[in-house]
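**Student:** dropping the sequence and predicted coords here.
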Protein chains: 2
Amino acid sequence: MEHEQDTSPTELKIFEAARDVFQSKGLEGARMQEIADKAEINKSMLHYYYRTKEKLFEKVYQLSIIKVIPQIVSLLNEELPLEQKLRHFSEKYLEIIRANPDIPLFVLHEMNKNPNRIKTFMLNEIGKKIQPFLNQIREERSKGNTVDLPAEQILVNMMSLMVFPFIGRPILQVILNQDEETYNRFLDERVRFLPDYVVGMVMKPKGSDGNL
Amino acid sequence: MEHEQDTSPTELKIFEAARDVFQSKGLEGARMQEIADKAEINKSMLHYYYRTKEKLFEKVYQLSIIKVIPQIVSLLNEELPLEQKLRHFSEKYLEIIRANPDIPLFVLHEMNKNPNRIKTFMLNEIGKKIQPFLNQIREERSKGNTVDLPAEQILVNMMSLMVFPFIGRPILQVILNQDEETYNRFLDERVRFLPDYVVGMVMKPKGSDGNL
DNA sequence: TTTTGTTTCAACCATTTGGTTAAAACAAAA
DNA sequence: TTTTGTTTTAACCAAATGGTTGAAACAAAA
């Protein structure tokens, strides 16, 4: 019998349960018992496979980040003219977030509590990888092809429009007085129009001076 | 001697310490001992003034919400033409968030964990109060004065651009490779240009068909 | 000064929670 | 069938944490 069977079905069930619970309750809000119940196994199985809560959490946390950040960053390093890159970036970014809507708020809360945790396994890597993209924007801006804002502000504008509706869902649903299904349709609509909208927001149409 | 001396300085110190700790660690992440230490009082004082952790948290949570939401909603109910209202809204909104940068992430995390908590003390009130504003947008949109998007999407666009840079600070600082001070300047810059930017994003300049 | 009510604290308690252990059930090979 | 290693479990443990208590310090009034 193998010692490492890749991952046993039990281990996988535990991980998935842990992911769900940690992402909705956070590290301290999560109870090992709750994870065990959700995975339909005995509590001591958690420790058999993952030793400690901390280690189990760390795995969930790192995989959550890895599932989102590198994908997004890599979108910015393709060899494409700015306008096409922006559209492509927006479409893929929205796909990724839509498939993992709980990750951003989870990661932000945990980073906010403990900014050092992430530094242990990534850091400057990300910061450096987006420089070429920022430079591309700066270049186009200097030619008058984009809205007249610093590249960083443009990037944050785009990210804001795409992520916040997912992160802010709990409060936005209250403010807009929408039930789950209505808000899902709201997000669907958003995913549809945003890529074009983002491009239009960044690129200045030729022969126009834009309206900002 | 009075029984209710408004609030004693000790009680205030406790509340402020609790606010800081709860807002950065969340309900479950916060330790009563840590709150006591930060307030420079003995732990049993917490219970003397607030009975339980739950009650202390509830006060912090409710006051956090009350400090932000009603202010913002009321901005949308002033009697002003749309363009002026948008500018005024953006300016004030940014002021409020800048003065309370930790509240949004805190409230969102707690709402996400327990959406019922808020329902006990507000709910439809907010949803109803913004209807007039949404209608005002719809009216202007039908006259072709705004960008061609549903009113809800426009509102969410505005909120996204303003709040996310504060909520997303931990990750944005990593992505942009900025230290605290640089990011503060980044936010300053943002607060300066956003009101005009938001107005330009929503209102279609007369005699133009916009670029979306 | 005495009294009376408030504010503060050190020591203690009960519960929760992460974590351990030893044995039983199980499956695969010999 | 016996053996051997793995998977699962119930019962238990120690530490952390929210919460209590009774007495001391203090301040204001009598």
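**Tutor:** Happy to help now that I have it. Residues are numbered from 1 along each chain as shown, chains lettered A, B, ... in the order given.
**Student:** how many other residues sit next to the nearest residue to residue A:63 once chain neighbours are set aside?
**Tutor:** Of all residues not flanking residue A:63 in the chain, residue A:19 sits nearest, at 7.7 Å (CB to CB, 6 or more residues apart in numbering or on different chains). Glycine gets a C-beta too; all of them are placed from N, C-alpha and C. Residue A:19 has 21 neighbouring residues, counting by other CB atoms under 10 Å in any protein chain shown.
**Student:** can you pull the residues of chain A lying near DNA strand C?
**Tutor:** A:1, A:30, A:31, A:32, A:33, A:43, A:44, A:47, A:51, A:52, A:53, A:54 (CB under 7 Å from any atom of the strand).
**Student:** let's see that with 6 Å instead.
**Tutor:** A:1, A:31, A:32, A:33, A:43, A:44, A:47, A:52, A:53, A:54 (CB under 6 Å from any atom of the strand).
**Student:** between those, which is nearest DNA strand D?
**Tutor:** residue A:44 (3.5 Å; CB to the nearest atom of the strand).
**Student:** ok, now how distant is that closest one from residue A:99?
**Tutor:** 33 Å (CB to CB, to the nearest Å).
**Student:** does the residue nearest to residue A:63 count as helix, strand or coil?
**Tutor:** helix (DSSP: H, G, I helix; E, B strand; the rest coil).
**Student:** next up, the contacts around residue A:24.
**Tutor:** Applying CB atoms under 8 Å, 6 or more residues apart in numbering or on different chains to residue A:24 gives the contacts A:102, A:106, B:112, B:113.
**Student:** skipping adjacent residues, who's closest to the first one in space?
**Tutor:** Leaving out its chain neighbours, the residue that sits closest to residue A:102 by CB to CB, 6+ apart is residue A:23, at 4.5 Å.
**Student:** check the secondary structure at that neighbour for me.
**Tutor:** Once three-state DSSP is applied, residue A:23 turns out helix.
**Student:** could you list every residue that touches it?
**Tutor:** If you count contacts by CB under 8 Å, 6+ apart, then residue A:23 has A:60, A:64, A:102, A:103, A:106 around it.
**Student:** does the second one belong to a helix or a strand, and which?
**Tutor:** When elements are assigned from DSSP states H and E, residue A:64 belongs to helix A:53-75.
**Student:** can I get that helix in PDB, CA atoms only?
**Tutor:** The C-alpha trace of helix A:53-75 is given here as PDB (Å, rounded to 0.1, in the frame of the first residue of the first chain):
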ATOM      1  CA  LYS A  53      -5.400  24.300  12.900                       C
ATOM      2  CA  GLU A  54      -2.700  26.800  12.000                       C
ATOM      3  CA  LYS A  55      -1.300  24.400   9.300                       C
ATOM      4  CA  LEU A  56      -4.700  23.600   7.900                       C
ATOM      5  CA  PHE A  57      -5.500  27.300   7.700                       C
ATOM      6  CA  GLU A  58      -2.100  28.200   6.100                       C
ATOM      7  CA  LYS A  59      -2.800  25.700   3.400                       C
ATOM      8  CA  VAL A  60      -6.300  27.100   2.700                       C
ATOM      9  CA  TYR A  61      -4.900  30.700   2.800                       C
ATOM     10  CA  GLN A  62      -2.000  30.100   0.500                       C
ATOM     11  CA  LEU A  63      -4.000  28.100  -2.000                       C
ATOM     12  CA  SER A  64      -6.700  30.800  -2.000                       C
ATOM     13  CA  ILE A  65      -4.100  33.400  -2.900                       C
ATOM     14  CA  ILE A  66      -2.400  31.300  -5.400                       C
ATOM     15  CA  LYS A  67      -5.700  30.500  -7.100                       C
ATOM     16  CA  VAL A  68      -6.300  34.200  -7.800                       C
ATOM     17  CA  ILE A  69      -3.300  36.500  -7.800                       C
ATOM     18  CA  PRO A  70      -0.800  34.800 -10.100                       C
ATOM     19  CA  GLN A  71      -3.500  34.200 -12.700                       C
ATOM     20  CA  ILE A  72      -4.400  37.900 -12.700                       C
ATOM     21  CA  VAL A  73      -0.900  39.100 -12.700                       C
ATOM     22  CA  SER A  74       0.000  36.900 -15.700                       C
ATOM     23  CA  LEU A  75      -2.800  38.500 -17.700                       C
END
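**Student:** those helices in chain A, which residues are they?
**Tutor:** With helices called from DSSP state H, chain A shows them at A:9-29, A:32-39, A:43-50, A:53-75, A:82-99, A:103-113, A:116-119, A:124-129, A:131-142, A:151-167, A:169-175, A:180-202.
**Student:** rebuild the ones you listed as TSV, extending it with mean pLDDT.
**Tutor:** Putting the helices of chain A into TSV (pLDDT from 0 to 100) gives the following:
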stretch	mean pLDDT
helix A:9-29	93
helix A:32-39	94
helix A:43-50	89
helix A:53-75	92
helix A:82-99	97
helix A:103-113	97
helix A:116-119	80
helix A:124-129	82
helix A:131-142	96
helix A:151-167	98
helix A:169-175	93
helix A:180-202	97
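**Student:** closest one to residue B:141 among the ones you listed?
**Tutor:** helix A:180-202 (14.2 Å; CB to CB).
**Student:** show me what the closest one is packed up against.
**Tutor:** In terms of contacts (3 or more CB pairs under 8 Å, 6 or more residues apart in numbering or on different chains; DSSP states H and E), helix A:180-202 is packed against helix A:82-99, helix A:151-167, helix A:169-175, helix B:151-167.
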